Every structure is written in structure tokens, then in C-alpha cells.
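Asker: sequence unknown, structure follows:
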Ligand SMILES: CC(C)(Nc1nc(-c2c[nH]c3ncc(Cl)cc23)ncc1F)C(=O)NCC(F)(F)F
């Protein structure tokens with residue numbers, strides 16, 4: 001698809017407040033207000049600061065990725081904005097007022113029930129299924145990268161680490177793995193830096209666990225950064241004694257079994273996103289009765 005290079009003018013971007021730090025840069029809440037009368041749209045602006053980790057072409061790839069994605073369950077791209085004579089660029093996305101899933105679940109614990117979690121899980125599944133049709137591997141699927149659009153709609157965001165799988169292969173091998181959020185990584189991603197749709201499925205299992213534990217940090221360890229000396233400990237944990245996260249409190253057994261399917265040690269035993277979506281729909285039916 002032709003990359004949609006919607007060019008937005010920096011002079012119409014009104015800074016409002018900081019939103020957070022993502023992969024490759026900070027993200028700010030702005031209003032894109034060409035009429036100058038405050039009727040413009042609120043947007044999330046990801047400013048790239050080229051540094052040792054990320055270059056302009058990394059950022060251009062993220063823009064190209066997001067600009068061809070049209071899906072209800074993926075954060076919408078609004079355009080790019082160049083400043084300082086194209087020396088720095090910003091990725092402009094729709095602003096979702098409820099923020100990331102982590103904050104939302106922590107603040108709305110009481111009124112998010114099993115059915116709502118299953119609805120969110122099925123939407124993330126559909127978004128991942130769509131990504132897969134374009135041969136994209138997200139590589140950073142985690143509750144912190146899911147945005148809440150409304151109390152009944154979530155969207156996948158932060159495509160800074162997303163890669164396209166080459167046509168003649170079923171996986172993507174990362175050459176210089178930077179800091180890696182290994183708690184969400186499949187074993188083959190930790191030990192061989194190998195990423196595929198099936199490693200995204202592993203991460204989806206972790207997102208399911210985060211969802212059903214209301215992203216309660218006591219239910220899962222903090223973000224552990226990859227230190228090579230821990231790698232083999234993690235690997236033997238996963239394969240030999242089948243170490244897996246315990247079921248979150250009050251998690252329906254059928255949902256925990258979904259998580260365990262996603263955490264199959266060998267990636268070809270893990271379900272695909274369409275099968276996961278079907279299984280979630282079935283569990284939703286049972287929950288409705
Ligand atoms: C780095 C950044 C800013 N972090 C946060 N964004 C938003 C946040 C709140 N509303 C938003 N609308 C759009 C976007 Cl791209 C972000 C937000 N809220 C809290 C954040 F920490 C982010 O991009 N996180 C990944 C994402 F949550 F988007 F998956």
C-alpha cells in the first residue's frame with residue numbers, strides 16, 4: 001500500500017502535556033488546531049530524538065508501519081510532522097483519553113468484570129490477526145502497549161519494535177537486541193532473538209495474565225531486563241520443570257488454559273490468533289449464560 005505521508009504543519013500543533021516515554025522517544029498530548037480556535041483534534045505526538053539506539057530510519061519504519069494499518073483495534077495514524085528542516089520528525093496519532101490498559105485496570109478494578117476482560121482480549125486478538133495478515137510481528141505486545149479507547153474498546157499501539165517477516169521465512173531474527181522486556185518474551189526470543197507470530201502469541205498469553213490479574217504488579221514480577229546470565233535460568237525454567245505463571249486469583253479455568261496454550265515451549269504447538277479468537281468467543285458465550 002502507498003505509505004500515507006499526511007504532512008501536518010508543526011505550527012498548528014499546540015503542546016498540552018507529556019504522555020510518557022515509549023520506544024524511541026517521548027510522546028506528548030497536543031491539539032492539532034489549524035483553525036487556531038481550539039476546535040482542533042487532540043493528538044498523541046511521538047517525537048523522535050535520534051540517539052545511539054534509534055535513528056531516523058528506524059522511526060521512518062515505525063511511521064511506514066503505522067500508516068498502512070487500518071483496523072478498529074489498532075491506534076489510528078494521523079500523519080507526520082517534520083521540524084527543524086526535516087532534522088527531527090514526529091509521528092502523530094489519535095489520542096485515546098483513557099490511556100493504557102495498565103492504568104485503566106488499576107483504576108477501574110471494580111467495574112471491569114470477566115466479560116469485559118474477554119471482550120478486550122478478543123479485540124487484541126483481532127488486532128493481532130490483522131497484523132499477521134500483513135506479516136507484521138509486533139514484538140512488544142504487553143498491557144502497557146494497549147490503549148483504552150472507551151469502556152468497550154481497546155487498541156494495540158506502540159509499533160516501535162514491529163518488524164515485517166520476510167516472504168521466504170516464518171520468523172524475524174533481531175541482530176542487535178537492545179534492552180528486552182523478557183518477561184513478555186517467548187523462550188526462542190530470549191535464547192535466539194527469534195520473533196514470529198507464535199512469539200507474539202506467547203506475549204498475548206502474558207497480556208491475558210495481566211488482564212485477569214488487573215495488571216496487579218504483585219501477581220507478576222516487575223519488568224525484568226534481559227541479562228544474559230539469567231537467560232539459561234529462564235530457559236531451563238520454561239522447558240524442564242514447566243515453570244509457568246500461576247493462574248491469577250478468580251481466573252476462570254478455561255481462560256487459564258488459554259494462557260497455558262500460548263506458553264507452549266515449542267512455538268508450533270502454540271495456537272494461532274484466529275483459534276485463540278474463536279476460543280475466547282466460545283468462553284464469552286458460556287459467561288453470558
Ligand atoms: C509512551 C506512551 C505515550 N505512554 C503512554 N501513553 C498514554 C496514552 C494515553 N492516550 C494515548 N493515546 C495515544 C497514544 Cl499513542 C498514547 C496514549 N498514556 C500513558 C502512557 F504511559 C505510549 O505511547 N505508550 C504506548 C501506548 F500506550 F500508546 F501503547
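Answerer: Cool, got the structure. No experiment lies behind these values; they were computed from the predicted model shown.
Asker: the ligand contacts on the stretch 1-150 of the chain?
Answerer: 19-22, 27, 44, 75, 93, 95-96, 99-100, 145, 147 (C-beta under 6 Å from any ligand atom). The way it works is simple: take the backbone N, C-alpha and C, and place the C-beta from them, glycine included.
Asker: from those, which would you call buried?
Answerer: 19, 22, 27, 44, 75, 93, 95, 96, 100, 145, 147 (16 or more other C-beta atoms under 10 Å).
Asker: let me have these in CSV, extended by secondary structure.
Answerer: Output for those, formatted as CSV (DSSP: H, G, I helix; E, B strand; the rest coil):
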residue, secondary structure
19, strand
22, strand
27, strand
44, strand
75, coil
93, strand
95, coil
96, coil
100, strand
145, helix
147, strand
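Asker: what's the farthest-apart pair in those residues?
Answerer: Farthest pair in these (C-beta to C-beta) is 95 and 145. Separation: 15.6 Å.
Asker: which residues in this structure form strands?
Answerer: Assigned by DSSP state E, the strands in the chain fall at 13-22, 25-32, 41-48, 77-83, 88-94, 136-137, 146-150, 153-156, 163-164, 172-173, 194-195.
Asker: now these as CSV including mean pLDDT?
Answerer: Shown next, in CSV, are the strands of the chain (pLDDT from 0 to 100):
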stretch, mean pLDDT
strand 13-22, 91
strand 25-32, 92
strand 41-48, 93
strand 77-83, 91
strand 88-94, 91
strand 136-137, 95
strand 146-150, 97
strand 153-156, 98
strand 163-164, 89
strand 172-173, 90
strand 194-195, 94
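Asker: closest one to residue 205 among those?
Answerer: strand 146-150 (14.2 Å).
Asker: tell me the angle of the closest one relative to strand 88-94?
Answerer: Strand 146-150 and strand 88-94 are oriented at 40 degrees to each other (axes from the mean of the first three to the mean of the last three C-alpha atoms, to 10 degrees).
Asker: buried set for strand 146-150?
Answerer: 146, 147, 148, 149.
Asker: and if you look at stretch 65-74?
Answerer: By 16+ other C-beta under 10 Å, the buried positions in stretch 65-74 come out as 65, 66, 67, 69, 71, 73, 74.
Asker: got it, and stretch 113-121?
Answerer: Of the residues in stretch 113-121, those buried (16+ other C-beta under 10 Å) are 114, 117, 118, 119, 120, 121.
Asker: how about stretch 278-289?
Answerer: 279, 280, 283, 287.
Asker: and if you look at stretch 76-86?
Answerer: Buried positions in stretch 76-86, judged by neighbour count with 16+ other C-beta under 10 Å: 76, 77, 78, 79, 80, 81.
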